[in-house]
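1. Okay, sequence plus prediction incoming.
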Amino acid sequence: MGFIGLGIQARGLLANFLGQETNVLAICDVDTTRRNDAVKRVDDYYASHSEKGKPGVCKGYSDFREVLARPDIDAVCVATPDHWHAIITIAAMKAGKDVYCEKPLTYNIQEALAVMATAKRTHRILQTGAMQRSSFEFLSAAELVRNGCIGKITRVDCNFGGPSRPHVDPKEDIPMEPGLDWNMWCGGAPLVKYNDKLSPRGVHNFFPMVWRMDDLFGAGYCGDWGAHHLDIAQWGLGMDDSGPVKVIRSVPSEADKANAELGGRAQSGVVLEFADGVKLTHNPFSTFGTVFYGTDGVVSVNRGKFEMTHGNELVSRFTKKEDGGSLEGAVVKARKAFLTESTYKTKLYKTKGGHPADFLSSVRSRQRACSNEDVGGRAAILCHLCNMSYVHDAGFDWDPKHNRFAHNTGDPKWLCRAYRGGWTI
């Protein structure tokens, strides 16, 4: 394996993959300090786990194309900022590599379509880092919904933060420490003035990720937590191969309009409407990330949290230890009560050993991964539909079969970007 992008998320992924049946041979980052630190982490791991590999074999690179050119690299893990995801993922698949790419899978909708098409054309394995699909509470929530345990779904709430924000350069010049290729960091996005908040130097634990909230590099929380909770909504609705037919605008409040830092944009309230009439509403962060409302009950889920009601009765609930019991106990109770032999007809993809392990299993078997290119691509499209509505203060009709605007609404320019410096997808 090779690793491209070695920030906070990638450090965790690196540790996970090192513990699997892999041999990490390459590290790539445009920040020399991060790159060297990651190489040392690999060397130190192999020094204490000689049965897994040899210290000194892993090499560092500042240009991902050098990693992709190595014939001894079978797969890469991409954990860069979002604006690089599609460019690197597509190049990797064309180079014959399988790809584990962090979510959201792409920066825009055009990129999502290109990634999905390239994966099919090259027959490469792709796993999107939407790890919630590998967690028991989310699998169970989706299965309860898909098997009709709360009746016909009427609406869904997805609860996460607001959209991206306009790019603003620092007022003063910020001195750049040596060892960072800022031009490469910006890549196909505009070459903006250096900002140490966009790319904090070296090995750090700096949150929030400012680049993610910047129009030029990310899709705000719509692309961050939206990529998780909208993905689970898609799973529960059985819409992994489709999407909404209408995006209903949220009207900015007076406070929203007055907030220049946020671009005067509404921060929640966009509605995605599906062909069967189900409406998915984006709300602010809450106890539960995804809530399914059915004619017979409600299923609510988040990381480490689960609740099911049926009629007027609470079936089970766990959000914190004060609730009593355990998460697993609450989930199992609901499953035993409603996923019976007569009702449990739809069994969803269940990973073994977690999300990275599922990717490696697919690499070996050549069977599609849990969060494959269609799952990750469609979830990314939902993220961008939400974000576009906020950024452009617009509602529009959508054709989920061809992934384009319908009925002369929207602007096709919103779906893509012009790339700088010769970069392309």
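-> That came in fine, so what should we check first? Numbering: from 1, shown residues only.
2. and residue 60, that's in a helix?
-> No: if the criterion is DSSP: H, G, I helix; E, B strand; the rest coil, then residue 60 is strand and not within a helix.
3. who are the neighbours in contact with it?
-> Going by C-beta atoms under 8 Å, 6 or more residues apart in numbering, residue 60 touches 26, 27, 28, 29, 35, 36, 38, 39. Using the backbone N, CA and C atoms, a C-beta is placed for each residue, glycine as well.
4. mind checking how far the closest residue to the first one other than its chain neighbours is from residue 235?
-> In space, not counting the residues next to it along the chain, residue 26 is nearest to residue 2; the distance is 3.6 Å by C-beta to C-beta, 6 or more residues apart in numbering. Separation of residue 2 from residue 235 (C-beta to C-beta, to the nearest Å) stands at 30 Å.
5. And for residue 333?
-> Following C-beta to C-beta, the distance that separates residue 333 from residue 235 is 21 Å.
6. In terms of packing, which of those two has more residues around it?
-> Legend: neighbour count by other C-beta atoms under 10 Å for residue 333 and residue 235, higher for residue 235 (26 against 17).
7. sec struct for that one, please.
-> Assignment for residue 235 (three-state DSSP): helix.
8. That one contacts residue 144, correct?
-> No: taking contacts as C-beta atoms under 8 Å, residue 235 lies outside contact range of residue 144: 11.6 Å.
9. contacting residues around the closest residue to residue 334 other than its chain neighbours?
-> With C-beta to C-beta, 6+ apart as the criterion, residue 334 has its nearest non-adjacent residue at 4.4 Å, and that residue is residue 308. Applying C-beta under 8 Å, 6+ apart, we find residue 308 in contact with 144, 150, 297, 298, 299, 300, 314, 315, 316, 317, 334, 338.
10. try 10 Å
-> With contact taken as C-beta atoms under 10 Å, 6 or more residues apart in numbering, residue 308 is in contact with 140-141, 144, 149-150, 292, 297-301, 314-317, 330-331, 333-335, 337-338.
11. Would you map the strands across the stretch 201-350 of the chain?
-> Applying DSSP state E, counting those that start in this stretch to the stretch 201-350 of the chain gives strands spanning 246-248, 271-273, 279-283, 290-294, 297-302, 305-310, 313-318.
12. Any idea which of the ones you listed gets closest to residue 136?
-> The closest of the strands of the stretch 201-350 of the chain to residue 136 is strand 305-310. By C-beta to C-beta, the value is 9.2 Å.
13. and that closest one, which strands flank it?
-> Sheet pairing here is set by DSSP bridges, and for strand 305-310 it gives strand 297-302 (antiparallel), strand 313-318 (antiparallel).
14. Turn the ones you listed into CSV, including mean pLDDT, distance to residue 168 and mean neighbour count.
-> Below are those laid out as CSV (pLDDT from 0 to 100; distance: least, C-beta to C-beta, whole Å; neighbours: other C-beta atoms under 10 Å):
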stretch, mean pLDDT, distance to residue 168, mean neighbour count
strand 297-302, 98, 32, 24
strand 313-318, 98, 42, 16
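15. Turn these into JSON lines, columns for distance to residue 87.
-> Output for the strands paired with strand 305-310, formatted as JSON lines (distance: least, C-beta to C-beta, whole Å):
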{"stretch": "strand 297-302", "distance to residue 87": "32"}
{"stretch": "strand 313-318", "distance to residue 87": "41"}
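16. Figure out which of those strands is closest to residue 164.
-> Short answer: strand 297-302, nearest of those by C-beta to C-beta, at 22.9 Å.
17. Next secondary structure element downstream of the longest helix along the chain?
-> Ordering each helix of the chain by length in residues (DSSP state H) puts helix 373-392 first. Once the chain leaves helix 373-392, the next helix or strand it forms, by DSSP states H and E, is strand 396-399.
18. what's in contact with the helix or strand just after that next one?
-> As assigned by DSSP H and E, the chain's next helix or strand after strand 396-399 is strand 404-406. With contacts defined as C-beta under 10 Å, 6+ apart, strand 404-406 is touched by 109, 113, 245-247, 396-400, 410-412, 414-415.
19. mind listing what residue 161 touches?
-> 208, 213, 220-222, 224-226, 267-268, 282, 284-285.
20. so how far is residue 301 from it?
-> Distance from residue 161 to residue 301, by C-beta to C-beta: 18 Å.
21. Can you show me the helices along the stretch 201-350 of the chain?
-> Applying DSSP state H, counting those that start in this stretch to the stretch 201-350 of the chain gives helices spanning 220-223, 226-237, 254-258, 327-338.
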